[in-house]
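Novice: what follows is a predicted structure for the sequence shown.
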Amino acid sequence: MLKQATRFIFVLVTVLMLAGCTAQPEKSYTKDLFALNTFISLRAYGAKAQQAIEIAIDRIHEIEKRMSITIEDSDVAQINTNSGIKPVEVHDDTFYVIKTALYYSELTKGKFDITIYPIARLWGIGTENARVPDIIDIQHKLPLVNYRNVLLDEKEMTVFLANKGMGIDLGGIAKGYAADEVVRILNESGIEHAIINMGGSITTLGSRPDGNLWRIGVRNPRVQNGDLEHMAIIESKGTSILSAGDYERYILDVYKETGRRYHHIFDPFTGFPAKTGVTATTVVSRSAIEADALSTAMFVMGVEKGLDMIEGIEGVEGLVITDDKKVFLSKGLVERIEFTDPSFFLAP
Amino acid sequence: MSFKMKVNSVVKQAQAIFKPWDALVYGMVIVIMVVGFANVRILMGNGRERLAIIEMDGEIIDTIYLEQNKIAQEIRIDAGDGKYNVILVGYDYIEILESNCPDQVCVGWGRIRYTGQTIVCLPFRIVVRIVGRTEQAPVDDITW
């Protein structure tokens, strides 16, 4: 009797062990939140995923508290309030982000410029007060846009906007910085696979948990009913893929009436939404902060200058989509992209 | 020992181990296992069951089983202060048809149909997502 019972237990244990052999995907943890004025989704794989993501979220909130333009006592709000008055002491990370932004302003010859804020505010695109401003008002505000008038003091850790009325908005680049910080934290917590979506900016850590490359869709900038949302797929691991496009935010009323898209990516030299025949740009880089600055700059520069710039920076790839659905690629992207929408075609 | 004898001996040994009652016990174990697995498969959905979830401010405000939606239905979400979204839920997709939000990103997004995909109306903090079992999405995420 005892022998029978032993045998029975043996069989049961064997069968249960075999049952455990069906391929189990690696455990993942996903968390979504609204922060940094966007929708953020974090997904990490492995036993420590939840703990690591909680730490990363605390860091996102910290960055938001320091760099959000709408939080009254943030570093950025203080810098803007004190424009033309006095330098403002800021946290290390705010200083780093502004310094990096100025580096990319220099690199892009001012096409990417965080001092665009007075112009962006005048247009109010994406808010309830969006409108085409009076040309006089634009010309009045335009002299305030100049990254060279952001004065940094490394010793005192202060930022000073030289002229009264100037303002900076770290919006996109702060999101990029936050994505880089999330990756750093997850990595330090022993996470090997993760994917982060910050309002359409996708950063990956490592490969997919099954060892394959991540497949990141590039949004179709002119999606119609029934179309796929993406027009191409880029395969990558451990990269940031960011896009800028005229379809994200624009003045809908004016578009419906006139067909002209007044979107949210401004040319710092005209004070108008950039008009270079480009509908969208995408940049692939190892850092999200870099990808953010470069995708915006490339949009403002247009196809030729934009791609020239990208080709000149090591480890960065990019694509530009134009009004007539032509797609221009940097050389390194040709092998890594797969088109999914036949109405777009590769420019020679 | 001839080959036949060898076989006989093995059979006898086997008979000694597998007594008739044992066979019954093993049989029952196997039946229980098979039924158990089948149940799990059915409960988890056999690759067809999918849900659309509508959230506002992180709270789930509506859940729709897509398969039961033979005819597409429109759902109006009131976000307070006259803010609204109209969401179209079909048998295998969901999309935001209309919204009076200022940026209109959600309306231009198109249809989603795979698990893990979302449409976000940022100004009104409304998130529409697909959960449950769907076929594998062609991409892990989308940059825009």
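Specialist: Alright, I've got the coordinates.
Novice: how about the residues of chain B by chain A?
Specialist: Contact residues (CB under 8 Å from any CB of the partner chain) of chain B with chain A: B:17, B:19, B:21-22, B:25-26, B:29-30, B:33, B:37, B:58, B:102-105, B:108-112, B:118, B:120, B:122, B:125, B:127, B:138-144. No exception for glycine: its C-beta is placed from N, CA and C like everyone else's.
Novice: so of these, which ones are in strands?
Specialist: Those of the residues of chain B next to chain A mapping onto strands are B:118, B:120, B:127, B:141-143, per DSSP state E.
Novice: report the two of the residues you listed separated the most.
Specialist: Largest separation among these by CB to CB: B:V127 and B:T143, giving 18.3 Å.
Novice: between the two, which has more neighbouring residues?
Specialist: B:T143 (26 against 22; other CB atoms under 10 Å in any protein chain shown).
Novice: that one and A:M198 touch, don't they?
Specialist: No: judged on CB atoms under 8 Å, B:T143 makes no contact with A:M198 at a distance of 10.4 Å.
Novice: okay, now the unreliable bits of chain B?
Specialist: B:1, B:14, B:16-18, B:37-48 (pLDDT under 70).
Novice: break it into its domains for me.
Specialist: Partitioning chain B according to automatic domain parsing yields domains covering residues B:3-43, B:50-132.
Novice: most tightly packed of those domains?
Specialist: domain B:50-132 (a mean of 17; mean count of other CB atoms under 10 Å in any protein chain shown).
Novice: and it, how far out from the chain's middle?
Specialist: Relative to the mean C-alpha coordinate of its chain, domain B:50-132 is positioned 18 Å out (CA atoms, centre = their mean, to the nearest Å).
Novice: again, but for stretch A:250-267
Specialist: With CA atoms, centre = their mean, you get 22 Å for stretch A:250-267.
Novice: tell me where the stretch 101-250 of chain A has helices.
Specialist: A:117-123, A:135-141, A:171-188 (DSSP state H, counting those that start in this stretch).
Novice: so what touches the first one?
Specialist: With contacts defined as CB atoms under 8 Å, 6 or more residues apart in numbering or on different chains, helix A:117-123 is touched by A:69, A:80, A:130-133, A:137-138, A:141-142, A:144-145, A:165-169, A:262, A:264, A:266, A:268, A:271, A:273.
Novice: would you map the strands across the stretch 201-348 of chain A?
Specialist: Per DSSP state E, counting those that start in this stretch, the stretch 201-348 of chain A carries strands over the ranges A:201-205, A:214-219, A:230-236, A:240-245, A:278-285, A:317-322, A:326-329, A:337-339, A:345-346.
Novice: the longest one - contacts with which helices or strands?
Specialist: For strand A:278-285, the elements it packs on are strand A:214-219, strand A:230-236, strand A:240-245, helix A:288-301, helix A:303-311, strand A:317-322, judged by 3 or more CB pairs under 8 Å, 6 or more residues apart in numbering or on different chains; DSSP states H and E.
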